[in-house]
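**Q** next input, structure requested:
(one chain, ligands or ions: 2)
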Amino acid sequence: MNAVTDSLQFRSEYPLQELNTFGLPAVAEYYTEIHAADQLEQLEQWLKRHPMPLLLLGGGSNLVLADRVPGLVARILIRGWHRSDLSASHVRLRVGAGENWHATVEKSIEQGLYGLENLALIPGTVGAAPVQNIGAYGVELKDRVSAVEVFDRQEQCLRDLSPEACRFGYRDSLFKSIEPERYIITAVEFSLARQFTAELSYAGLREGLGNDPVTPKRVFDTVCRIRREKLPDPTEIGNAGSFFKNPVVSAGQYQQLQHRFESLVAYPDTGGYKLAAGWLIDQCGLKGFSLEHVGVYPRQALVLVNLGAARREDIERLARHVQQMVQERFGVRLEPEPRFYP
Ligand code: FAD
Ligand code: NAP
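**A** Ligands and ions are numbered 1, 2, ... in the order given. Take a look at the predicted model:
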């Protein structure tokens with residue numbers, strides 16, 4: 001069935017294989033594309049007439065989809081880039097949820113606005129970035145956000161949420177785990193600096209930069225280079241980035257583990273110590289390991305990859321194996337980072 005409501009088009013049995021970076025052969029029961037925030041009322045009216053679950057889709061880079069995705073998939077393609085002065089030192093930048101994240105980082109640097117350099121080359125859209133509070137090389141989205149513009153499905157209106165209201169945590173937010181069905185993110189507002197301050201707490205980035213003067217463009221280029229060396233390009237090898245979150249353990253558990261494993265990689269964190277999940281997996285001898293159509297990426301053990309023709313259950317099977325091996329060796333439970341839907 002192909003129905004048309006005003007300007008929104010609803011397609012049925014829509015293939016999503018090209019729209020998720022794992023390349024899983026999912027098919028949506030219904031599918032539509034949202035190009036402007038004022039189309040969201042139409043979307044809600046359609047859902048009132050045809051009650052069904054709604055999955056919001058950005059770049060599909062943090063999703064593990066089943067073969068059949070029941071209900072409606074709405075791909076958010078809202079564009080826009082508005083800058084205004086905030087203070088002598090900072091500029092406010094409001095970017096549409098459907099803009100590409102990496103292109104936004106690149107453009108902000110070109111315009112002399114600083115703060116997003118360390119988050120270069122993360123796939124996906126601006127609108128999905130607050131969902132798991134994306135982070136890399138010591139910077140998280142929450143450090144640079146001044147507001148998140150949402151369509152509130154409960155109140156049926158557009159409004160701005162403050163960073164505090166978004167309840168950002170480590171790879172977590174209001175949108176991911178507290179009220180995942182309530183908000184459609186339509187734009188993100190950043191507060192970016194006119195003066196560059198480098199965030200170089202990660203040794204990998206410092207080493208990659210070498211001894212030459214540190215400029216925003218060099219940080220951006222270095223992050224891109226390191227990531228290209230370590231991570232599989234989803235256009236060539238299907239993946240969803242880090243498959244597991246870094247587990248946080250108590251100080252007591254950390255000390256016991258450190259006693260047993262001298263080279264344990266861990267960092268102090270609120271509530272205890274954050275263990276490098278990639279190191280745990282590597283120590284289990286799983287780098288390069290594969291199970292049918294899915295493998296552990298040889299250059300980065302935290303990434304599971306589609307070796308061709310993988311389906312959701314293949315990924316689940318390998319993820320369970322990795323979890324079991326890590327649990328047996330270290331007594332630590334690894335939790336997946338991407339969203340499994342449904
Ligand atoms: P999708 O996968 O389409 O959606 C992710 C979630 O957000 C879903 O629950 C979806 O329903 C929801 N969502 C999407 N759009 C909206 C919206 N407008 N409003 C409300 N909810 C919405 N992540 C990091 O944090 N750091 C990294 O360094 C990093 N590196 C990666 C490297 C690779 C190679 C890959 C493949 C992934 C990586 N990721 C990383 C994960 C991923 O890129 C991010 O989570 C990204 O923000 C997902 O964006 P997306 O548009 O693809 O979201
Ligand atoms: P890395 O630099 O080799 O570091 C390994 C792990 O140690 C990372 O997981 C990182 O935690 C942690 N770490 C390193 N230095 C740290 C410090 N100074 N303080 C606190 N924690 C520290 O990691 P990598 O695999 O090459 O990735 C580089 C960055 O890109 C990381 O921030 C990583 O999260 C991010 N990334 C994320 C994804 C994703 O899909 N989520 C995919 C690829 C890369 P954190 O992960 O908490 O930063």
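
**Q** contact partners for whichever residue of the stretch 51-200 of the chain sits closest to ligand 2?
**A** The minimum distance from the stretch 51-200 of the chain to ligand 2, using C-beta to the nearest ligand atom, falls at Ala136 (3.5 Å). Any C-beta I mention is one placed from the backbone N, CA and C, and that applies to glycine too. The contact partners of Ala136, taken as C-beta atoms under 8 Å, 6 or more residues apart in numbering, are Asn118, Leu119, Ile122, Val223.

**Q** and these, which of them are in helices?
**A** Among the contacts of Ala136, DSSP state H puts Val223 in helices.

**Q** could the contacts of Ala136 go into TSV alongside distance to Leu141?
**A** Output for those, formatted as TSV (distance: C-beta to C-beta, whole Å):
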residue	distance to Leu141
Asn118	11
Leu119	7
Ile122	9
Val223	15
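
**Q** partners of the residue of the stretch 51-200 of the chain closest to ligand 2 in the sheet?
**A** Val139 (DSSP bridges).

**Q** SS state for Asn239?
**A** Three-state assignment for Asn239 (DSSP: H, G, I helix; E, B strand; the rest coil): strand.

**Q** ligand 1 contacts on this structure?
**A** 21, 55-63, 76, 97, 122-125, 127-129, 131-132, 134-136, 171, 175, 183-185, 231, 234, 239-241, 339 (C-beta under 6 Å from any ligand atom).

**Q** before we move on, back to that, buried ones among the contacts of Ala136?
**A** The neighbour-count test (16 or more other C-beta atoms under 10 Å) marks Asn118, Leu119, Ile122, Val223 as buried among those.

**Q** report the separation between the second one and Ser263.
**A** Computed as C-beta to C-beta, to the nearest Å, the Leu119 to Ser263 distance reads 29 Å.

**Q** hang on, the earlier thing: want to throw the contacts of Ala136 into CSV with distance to Glu313 and pLDDT?
**A** CSV is the format used below for the contacts of Ala136 (distance: C-beta to C-beta, whole Å; pLDDT from 0 to 100):
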residue, distance to Glu313, pLDDT
Asn118, 36, 98
Leu119, 33, 99
Ile122, 27, 98
Val223, 34, 98
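
**Q** between the contacts of Ala136, which is nearest His82?
**A** When the contacts of Ala136 are compared for distance to His82 (C-beta to C-beta), Leu119 wins out at 20.0 Å.

**Q** residues contacting the closest one?
**A** So Leu119 contacts Trp101, Val105, Ile134, Gly135, Ala136, Tyr137, Val139, Leu141, Val223 (C-beta under 8 Å, 6+ apart).
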